[in-house]
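*Asks:* A structural model of the following input is requested.
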Amino acid sequence: EVQLVESGGGLVQPGGSLRLSCAVSGFTFGTYSMSWVRQAPGKGLEWVSAVNSGGTGTSYADSVKGRFTISRDNANHTVYLQMNSLKPEDTAVYYCNTFPTPFNSWGQGTQVTVSS
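*Replies:* Modelled structure (predicted):
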């Protein structure tokens with residue numbers, strides 16, 4: 001059974017930082033590219049970032065480029081998203097999944113709220 005468990009969200013002031021984690025199980029993690037996507041209130045899913053299976057290649061949405069860093073630990077089946085210089089428009093529920101085709105199973109997500 002595929003399981004994706006996101007954590008690390010919270011309330012942070014503009015300009016602050018958070019590090020999200022996504023622990024996965026139920027599939028061969030090291031053979032899949034992974035991504036983070038987010039859903040802001042009242043909006044659809046927005047792709048944020050992706051990392052290849054070996055962790056050597058990354059890509060970012062223009063809206064987060066230069067502020068967010070994706071990484072992964074294949075030994076511990078975990079993917080991370082370091083978020084710096086956070087803005088109010090980064091407020092959303094953040095999810096991880098495989099890339100480019102996500103599994104049908106999604107985690108509960110982790111809420112990130114950027115507000116003063």
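*Asks:* Show me the residue at the heart of this structure, geometrically.
*Replies:* By CA atoms, centre = their mean, the chain has its centre lying nearest to Trp36, at 3.1 Å.
*Asks:* Surely that one forms part of a strand?
*Replies:* Yes - under DSSP: H, G, I helix; E, B strand; the rest coil, Trp36 sits within a strand.
*Asks:* mind checking pLDDT for it?
*Replies:* Listed pLDDT for Trp36 reads 98.
*Asks:* how far away is the residue nearest to it when sequence neighbours are not counted from Val24?
*Replies:* Distance criterion CB to CB, 6 or more residues apart in numbering; nearest residue to Trp36, sequence neighbours excluded, is Val48 at 4.4 Å. Just so you know, the C-beta spots here come from the backbone N, C-alpha and C atoms, and that holds for glycine as well. Val48 sits 17 Å away from Val24, going by CB to CB, to the nearest Å.
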